[in-house]
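Q: Kindly generate the corresponding structure for this input.
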Amino acid sequence: MKNRLRTVFRVLFTLAILVFLLLAFVLVFSQVVGLVIARPALITGASDLLLQPSIIAAICVGLLGFAYYNTTEGRKDS
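A: Numbering: from 1, shown residues only. Okay, the predicted model is just below:
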């Protein structure tokens, strides 16, 4: 049961971190483009649209990472 749970948490953690990194990349890239072409609406629009989903994704990554860590077996020192 614990092995299956660990596998599920690893897959969910991997997907969540990919979503988070994608959202963060698009957010920062959009703001850089807005800065380069001098469009403040693009900078604020990207932030308004992507900031909250990025924060939610980061929270999910943290919770799933915690759950995955707690399903792994500890190292046994001899």
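Q: use CA for all of it now, contacts and neighbours both
A: Noted.
Q: mind checking pLDDT for the residue nearest in space to the middle of the chain?
A: Taking C-alpha atoms, centre = their mean as the criterion, residue 20 is the residue nearest the geometric centre of the chain, at 2.6 Å. pLDDT for residue 20: 97.
Q: tell me the contacts of it?
A: 54, 57, 58, 61 (C-alpha atoms under 8 Å, 6 or more residues apart in numbering).
Q: Where does it sit: helix, strand or coil?
A: Look at residue 20: counting by DSSP: H, G, I helix; E, B strand; the rest coil, its state is helix.
Q: Can you give the distance from the helix or strand encompassing residue 68 to the centre of its chain?
A: Secondary structure from DSSP states H and E places residue 68 in helix 40-71. Centroid separation for helix 40-71 versus its chain: 5 Å, with C-alpha atoms, centre = their mean, to the nearest Å.
Q: Just name whatever secondary elements it is in contact with.
A: helix 2-36 (3 or more C-alpha pairs under 8 Å, 6 or more residues apart in numbering; DSSP states H and E).
Q: In the helix it packs on, which residues are buried?
A: 6, 9-10, 12-13, 16-17, 19-20, 23-24, 27-28, 30-31, 34 (16 or more other C-alpha atoms under 10 Å).
Q: so which of these comes closest to residue 72?
A: Nearest to residue 72 among those: residue 6, at 6.6 Å, using C-alpha to C-alpha.
Q: how about low-confidence regions in the chain?
A: Along the chain, segments meeting pLDDT under 70 span 74-78.
Q: Report the contact partners of the nearest residue to residue 32 once chain neighbours are set aside.
A: Counting by C-alpha to C-alpha, 6 or more residues apart in numbering, residue 32 lies nearest to residue 43, which is 7.7 Å off, once chain neighbours are set aside. Residues in contact with residue 43 (C-alpha under 8 Å, 6+ apart) are 30, 31, 32, 34, 35.
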